[in-house]
Each structure stands twice: as structure tokens, then as C-alpha cells.
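1. requesting a structural model of the entry that follows:
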Amino acid sequence: SQYFGAKNISSLRKAIHTMILSTLILGFFFTAAGIWCNLPLLHLNSTPQDIIEQSHIYLTIHFSGIIFLMLYNIGSGILRALGDSKRPVQFLIISSIINVLLDLFFVISLNLGIAGAAYATMISQAVSAFLVIHAISTGNEVYKINFSELKIDFKILHKILVLGVPGGIQSSLTSFSNVFVQGYINTFGSDCVAGWATFNKIDQICLLPIQSLQMSITTYVGQNFGADNISRAKKGVWIAIMISLG
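-> The predicted structure is shown next:
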């Protein structure tokens, strides 16, 4: 967003290629770590015995496709940073419809149970990742991916980490505390686990408007900061805060 606002096309392209390659590398790491660690963590978190095998199956399949989720997130983040918020949501709508249809097919028609639900999610995430990467690799020359340019610019990577790590820690703190809560909930049995999972879905829906404003104002501030229009950035922040409070 900052490079786009400053019309620094050279640095913008370096940032995009740095993020894509970094995501691919991290994706393979998280895939291996997730597959290797999920069963010990389920035991550590007091997962009820009657659902631990199914939980392990779901998480193993989920982590096998985690790179697709990461590619979609980074790709849609790039498009939003450049002011295109429509295509990411269109791709997500397509992915969600595919997910629902594959859920019905795998779970009901093929009787694959929890594994079917996991496969449906992984395939739909792969579709959304393909669509968003295709959009970037065949799009505007300003941000079009050239696979021969895929390399990490460590100076730009440092700037990305300085901005991204605090936000990642902020999100992780909430998730990390929820792991402890989940551990206590698990001791009451699988019915309570199901109830807690349902509550979390409702909680996520309630938080969506604020999270959407957060993403939009991040792009808005970044572009105006890059264009050295600080007063407009501050005005946008206050408007976003008032809308959030409302």
C-alpha cells in the first residue's frame, strides 16, 4: 500500500515477489509442523477420546492444504493493498459455494464423514488460491507476477516483518489464550466441545464488520502514508473508529 501510494513501482514489485516466495517457504514449513504436531497437541489439550481420532484426521488433511489458505490470504492482501477489494470477495464466494457442494457430496454421497468435510475445505481453498494467484499473474503490469522475479529482498522483508509481526502476535495472543479455554472445555466431553465450536462461529460472525474495517483502513492509511498525505490518513482513521464504535 505504501509503495503503491508513493508510485514506487520498482519497490512495489519487489515487495509482491518477496511476499509470494516467503509465503511458499512458510507454507511448506507450517504444513510439515502441523501434520507432525497436531496429534501430540490434541492429547496435550485434553481432547475427548471419542473424537480425538476424527480430530486428528481433520487436522492432518487441513494442514496438508494450509499453503492454499496462505496463498489466498497473501494474494487477496496484495489486491486489497492496490485498492481491489472486489475480486478477493468474488473468489471467496466461489470457494464457499464449492465448499458447501463438496461437503454434501463427500459427506452424504460418499459417506466420508469428517475426512470428507476436510477434503471439501482443502479443495475449495485450493480453488480460491488458484483464482487469486491467477488474477495477480495475469493482471495489471504494475503488479503482475513474473515467476523469474521470485526472490526475497531482505530489506523489504524486514519492513514487512516490522509491520506484520506485531499484528501476528496480537492475533496469536487471543488464539493462544483460547487454546487454554478449549483445554478446560474439552474435559466436559464432546457435547460441550460441539457447543463451544458453535459459539465460536457466531462470535466470528459478530466480529466480521470490525475486522473488515480493520483491513480497509490498513490499506487506506498505507496508501496515504506512501503518498505523504498524513492528514488524510488521520481523518480516515478517526472515521473508521467512529464507524466501529457505531
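2. what's the burial count for Q182?
-> Using other CB atoms under 10 Å, Q182 has 17 neighbouring residues. Where you see a C-beta, it was placed from the backbone N, CA and C, and this is true even at glycine.
3. that one against N45, yeah?
-> Yes - in terms of CB atoms under 8 Å, Q182 counts as a neighbour of N45; the distance is 6.1 Å.
4. could you say which helix or strand contains the residue most central in space within the chain?
-> The structure's the chain has its C-alpha centroid closest to N73; by CA atoms, centre = their mean the separation is 4.3 Å. Using DSSP states H and E, N73 falls within helix 66-81.
5. tell me the mean pLDDT over that helix?
-> The pLDDT scores in helix 66-81 average 93.
6. what is the distance between it and the centre of its chain?
-> Distance of helix 66-81 from its chain centroid, counting by CA atoms, centre = their mean, to the nearest Å, is 7 Å.
7. contacting residues for A115?
-> Contact analysis of A115 by CB atoms under 8 Å, 6 or more residues apart in numbering lists 57-58, 61, 106.
8. out of those, which comes closest to D84?
-> I61 (31.3 Å; CB to CB).
9. my read is that that closest one contacts A118, right?
-> Yes - using CB under 8 Å, I61 is in contact with A118, at 3.7 Å.
10. what about these two, which has more around it?
-> Applying other CB under 10 Å to I61 and A118 shows that A118 carries more neighbours, namely 22 against 19.
11. tell me which element that one falls in.
-> helix 113-137.
12. next one: N140
-> Using DSSP H and E, no helix or strand contains N140.
13. got a pLDDT number for it?
-> pLDDT, N140: 73.
14. now it: how far from I123?
-> Using CB to CB, to the nearest Å, N140 is found at 29 Å from I123.
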